[in-house]
Every structure is written in structure tokens, then in C-alpha cells.
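1. return a 3D structure for these sequence lines:
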Amino acid sequence: RMLSLQGNTAPYMLYARARICSIVKKASGLQVEGRQEMVWPEPAEVFLEDDAEVELARQLVKFADVIYDVEKDLYPNRLCDYLFETSQKFSHFYENCSVIKAESEALKKSRLTLVVTTAKVLTKGLGLLGISVADRL
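-> Numbers count the residues shown, from 1 in each chain. Have a look, this model is predicted:
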């Protein structure tokens, strides 16, 4: 059960991050042939037009508060819950907001910035839990 790709498990969150890396590679066009590590695009101005974008952005800005609470109260399970919720909100965003086929270049860059920020939050949060991430599964 703890290795399931569904539910509140590390593999579920690792899979979400690996999926993000795949989206970034396709949408940014920055990956160099034969190079293993990720090349992250520069951040762009973020436009929140869809409800799924708003939900994801609101979730991402909670990260610092969650880390503060985990440190203060010594309940790492709160970080696990936050990362799971973030993964779910990302999945909802991805289902509803095309990154690669966005209506404009500005919207594509905006959504790509949300995607990259989500990857960085998942990477930092999982790292704090002692879980190494991979760009591919």
C-alpha cells in the first residue's frame, strides 16, 4: 500500500514531480540532447485565469506557513498532507489547463511558471522528509 501510485504516498508525489518534469521538457524546449539533468525555464509573469490556476497558486503560497508550523509543532505529517494536496491540485490544474497548447505565448509561460514552482515546492518538501526525487520514473 505504501508504494502505491495512488493516494497519500511518496510514490504518488514522486510521480507528480516526474510528470511535471516531462511537461517542462516538452513545453520549454530547453532540454539539451544527451543531457540528463533538468533545465528549468526562467519564471514569467503569472496570469490566473482559470479556477484551477487560482487553486494551485493559493496552495503553493502556503508552503512557507506549512514549513513554519511543522518546525514549530514537530508534526512532519502536516508536510506530507500539504505535499499530497499540492500534488492533487496540480493534477486538477493539469487536467483543466493546457500548458503546451495554451491560447497565447504569455499564458503558456505563465502556466509553465506555475508548473516549475510546483516542482520546486515538491522537491524541497520531499527533500525535507528525506526523500530524493527523480526527473523520470
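
2. what does the average pLDDT come to for the helix ranked longest in the chain?
-> Among all segments of the chain classified by DSSP state H, the helix with the greatest residue count is helix 105-128. Looking at helix 105-128 alone, the average pLDDT works out to 95.

3. contacting residues for Leu114?
-> 46, 53, 56-57, 60, 93 (Cβ atoms under 8 Å, 6 or more residues apart in numbering). (Each C-beta comes from the backbone N, C-alpha and C, glycine too.)

4. kindly recompute the last result at 10 Å.
-> By Cβ atoms under 10 Å, 6 or more residues apart in numbering, the residues touching Leu114 are 43-44, 46-48, 52-53, 56-57, 60, 90, 93, 97, 99.

5. among those, which are located in helices?
-> Cross-referencing these against helices under DSSP H gives 52-53, 56-57, 60, 90, 93.

6. follow-up on the earlier one: among the contacts of Leu114, which two are most distant?
-> Pairwise distances across these peak at 19.3 Å for Pro43 and Ala52 (criterion: Cβ to Cβ).

7. more crowded one of these two?
-> Here Pro43 and Ala52 are set side by side on neighbour count (other Cβ atoms under 10 Å), and the busier one is Ala52, at 19 against 13.

8. quick check: pLDDT value at that one.
-> pLDDT, the model's per-residue confidence, is 97 for Ala52.
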